[in-house]
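Visitor: Just a sequence and a predicted model for now, questions to come.
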Amino acid sequence: MIAPGNGYIAVLDTCVLAPMPLCDTLRRMGYSAEQASRRIDAMEAAFEDAGVTGYEELIGTMTNDVKDRHVLAAAVRCGAHAVVTQNVRHFPAESARMYDLEVLTPDAFLVHQFHVNHQLLRQRLEAQAEALGGTMDALLNKLARFAPACVQLLL
């Protein structure tokens, strides 16, 4: 994804796209091929600039955890500034440093975006709250579980 307004490119590890316990439970219940296709289509529509191709040949050269080498390879291929993940242990500093990449938790990424353009972040969160039919306070209360430092800045 490219953060609007600042051109900061971040690759989102799939673990940050849904709460993992719920995602795992749903996966174990079994998506049909049609449901999986709809989910992928929805994600691609939401992140229309998110497709990375041609990274496969780099996977074998990555030195991070084998389960997440494809994520680091995609970040390198697209010239990302950061990988956003809850699994920071899968991306040791030395494996990302050689590519001038940061490895950030979702909270650290949002704090970074706050410091780059706090008005844009607030605007996006207000639009999110409205789309969910709730208030900014309610959204921040939910977000505090995943991004406490960012929420403190916003408050």
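Guide: On my side now, so go ahead.
Visitor: State the next helix or strand along the chain beyond the longest helix belonging to the chain.
Guide: When the chain is parsed with DSSP state H, its longest helix is helix 106-131. Using DSSP states H and E, the helix or strand that follows helix 106-131 in sequence is helix 136-143.
Visitor: Packing partners of the next helix or strand after that following helix?
Guide: Toward the C-terminus, helix 136-143 is succeeded by helix 148-154 as the next helix or strand (DSSP H and E). Packed against helix 148-154 by the contact rule (3 or more C-beta pairs under 8 Å, 6 or more residues apart in numbering; DSSP states H and E) you find helix 106-131, helix 136-143. For glycine as for every other residue, the C-beta is placed from the backbone atoms N, C-alpha and C.
Visitor: mind listing what's buried in the longest one?
Guide: Under the neighbour-count criterion of 16 or more other C-beta atoms under 10 Å, helix 106-131 has 106-114, 117, 121, 125, 129 buried.
Visitor: Now the two most distant members of these.
Guide: Maximum pairwise distance among these (C-beta to C-beta): 22.2 Å, between 108 and 129.
Visitor: where does residue 9 fall, phi/psi-wise?
Guide: phi -100, psi 130 (degrees, to the nearest 10).
Visitor: Between the buried residues of helix 106-131, which sits nearest residue 73?
Guide: For the buried residues of helix 106-131, the nearest to residue 73 is residue 109 (19.6 Å; C-beta to C-beta).
Visitor: rewinding a little: which strands or helices does the longest helix of the chain pack on?
Guide: Packed against helix 106-131 by the contact rule (3+ C-beta pairs under 8 Å, 6+ apart) you find strand 8-12, strand 82-84, helix 136-143, helix 148-154.
Visitor: Can you lay out those as CSV showing mean pLDDT?
Guide: Shown next, in CSV, are the helices and strands packed on helix 106-131 (pLDDT from 0 to 100):
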stretch, mean pLDDT
strand 8-12, 87
strand 82-84, 95
helix 136-143, 92
helix 148-154, 95
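Visitor: how does this structure divide into domains?
Guide: 2-104, 108-154 (automatic domain parsing).
Visitor: follow-up on the earlier one: ok now the longest helix of the chain, how far from the chain's centre?
Guide: 13 Å (C-alpha atoms, centre = their mean, to the nearest Å).
Visitor: Please apply the same query to stretch 79-88.
Guide: 7 Å.
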